[in-house]
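1. Coordinates for the following, if possible.
(one chain, ligands or ions: 1)
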Amino acid sequence: MKNHLAGRVNSPIPIPAYYPSDIIKGEGPYIFNKNGDKYIDMWMGYGALLFGHADPDIIQTINNNIKNGWFFSYQTYFEKELSNIIHDIIPSAEKVRFATTGSDVVAYSIRASKSYTDRQKVLSIIGGYHGVHEGMIPSASIPDNQNLDLIPFNDIVAVKEKLKNKEYACFLLEPILANSGCTPPRENYLKEIRKICDNTGTVLIFDEIVMGFRVNIHGAQGLYNVTPDLSLFSKAIAGGLPLSVVCGRKEIMESFIPTGNVFFAGTFNANPLSLNVSKTVIKKLKNGNFYTKTQKLGDDLRDYIREQINRLQIPACVQGIASMLTVAFGCKSFIKGIKLEGCDDTVYNFFIEEMAKRHILLPPLPTETVFLSPVHESVIDEIKIAIKQSLEEVKDKHYR
Ligand SMILES: Cc1ncc(COP(=O)(O)O)c(C=O)c1O
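-> The predicted structure follows:
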């Protein structure tokens, strides 16, 4: 079929020639292309699909709600309902706003911080990713305006140095760096930056768009017991439907119109279908065993990969947390994100091609994270065999 998409894609992430480009269906751990070929998906909608593809409870929620209409220009009952739920489970969520994409809420949080502090500068992290908006942070590691400064993750000295003159409106970061290989924070890193932000009047923003709801029902802030001033959620919160959240301290959130003068708008904000799916996602997370299951699955797979790396004696590593993990080549660990620590993209690409030959798809960028779901339990042996064989191929081709 002809492809009239500009550059043949809708994303900056390249689709390798050996990956399918005609997906039409997902079910549990699998995705299927037009010919009916089946692949195990280890990217899971950039992490949005906590329960795998076509989860029956989410399908039921969509079916139950769509017949009542799916879009209203008036305030819905559901937005108030979900704001209460978020307020109750997210420590920082004194006040809540719903938007549509992650990029939206990044932009809103930065605007609100600038207005609240009357400062213009923004501090963020090398290798982080916070969306696409002009004048904000367009892509990982590329500052597009002179008011944005980037420092390495997990580096307290750099934070102190930058913030000491009280010039920055906000420090925006992923509390678990998930866009430069999965890089958890060092012990006390988040507690320390909380203190520095308090002492310098800098708004601390946790971008939990990747890990929020995935690592803990109370967010990464609940897991590490550090409450930011503002928090951002998207992806997993609505199980793969478009929804994003900015929430935080009342006095900063009230910078938004109508209580303040920071503009906030969006035709599709607080989409009713997404709000209802989000209620189902949170209910399932509260009542089920998602966290214990995926922790066990993640630990087991990380241990297995580590064993294989040790057995083959190749320069590689695996790291992550809970249901998130990254395999990297050419380095033994990374604490500032793989962008800064010399990981080898060529070997990674060879590895994922070997996995794809075995019909298992990993993220096609070395900086992205594998996302596990309880649905992977049923295929974990198949995944392990493919990893073992693919790492053997890596050794033969690259490290003999
Ligand atoms: C941490 C983080 N923040 C913000 C965004 C932007 O979200 P969206 O693509 O929904 O605009 C992303 C997207 O991957 C992200 O990973």
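2. how about the residues of the stretch 151-300 of the chain near the ligand?
-> Contacts of the stretch 151-300 of the chain with the ligand, taken as CB under 6 Å from any ligand atom, map to 174, 179, 207, 209-210, 234. No exception for glycine: its C-beta is placed from N, CA and C like everyone else's.
3. State the pair within these that is farthest apart.
-> Pairwise distances among these were taken by CB to CB; the largest, 13.5 Å, belongs to N179 and S234.
4. Between those two, point out the one with more neighbours.
-> Taking neighbours as other CB atoms under 10 Å, N179 and S234 compare with S234 leading, 28 against 24.
5. Can you give me the pLDDT of whichever residue of the stretch 1-150 of the chain sits closest to the ligand?
-> Residue of the stretch 1-150 of the chain nearest the ligand, by CB to the nearest ligand atom: G102 (2.2 Å). pLDDT, G102: 96.
6. I237 is in contact with that one, correct?
-> No. Look at G102 against I237 with CB atoms under 8 Å: they stay out of range, at 10.2 Å.
7. what sits in contact with each of these two?
-> Here G102 and I237 have S244 as joint contacts, going by CB atoms under 8 Å, 6 or more residues apart in numbering.
8. Closest to V106 out of the residues of the stretch 151-300 of the chain next to the ligand?
-> D207 (6.6 Å).
9. ok, now how distant is the closest one from S244?
-> Note on D207: its distance to S244, by CB to CB, to the nearest Å, is 11 Å.
10. which residues are in contact with both of the two?
-> By CB under 8 Å, 6+ apart, the residues touching both D207 and S244 are 102, 232.
11. So these two - more neighbours on which side?
-> In this view D207 and S244 are compared by other CB under 10 Å, and D207 has more residues nearby, 31 against 27.
12. How is this structure divided into domains?
-> 6-41+289-398, 58-286 (automatic domain parsing).
13. and F51, which of those is closest to it?
-> Ranking these by proximity to F51 (CB to CB) places domain 6-41+289-398 first, at 5.9 Å.
14. Now do the closest one: distance from first to last residue.
-> With CA to CA, to the nearest Å applied, domain 6-41+289-398 spans 35 Å between its terminal residues.
15. Kindly report the same for stretch 165-178.
-> Chord length of stretch 165-178, first to last residue, is 29 Å (CA to CA).
16. again with stretch 59-78
-> Using CA to CA, the end-to-end distance of stretch 59-78 comes out at 18 Å.
17. I would like the residues contacting it, please.
-> Stretch 59-78 has contacts (CB under 8 Å, 6+ apart) with 268, 270-273, 275-277, 279-280.
18. Just the buried ones from those, in PyMOL syntax?
-> The buried subset of those, as determined by 16 or more other CB atoms under 10 Å, is captured in PyMOL by this line:
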select buried, resi 270+271+272+273+275+276+277+279+280
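19. pLDDT and secondary structure for the contacts of stretch 59-78 - can I get that in a markdown table?
-> Below are those laid out as a markdown table (pLDDT from 0 to 100; DSSP: H, G, I helix; E, B strand; the rest coil):
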| residue | pLDDT | secondary structure |
| --- | --- | --- |
| F268 | 97 | coil |
| A270 | 97 | coil |
| N271 | 97 | coil |
| P272 | 97 | helix |
| L273 | 97 | helix |
| L275 | 98 | helix |
| N276 | 98 | helix |
| V277 | 98 | helix |
| K279 | 98 | helix |
| T280 | 98 | helix |
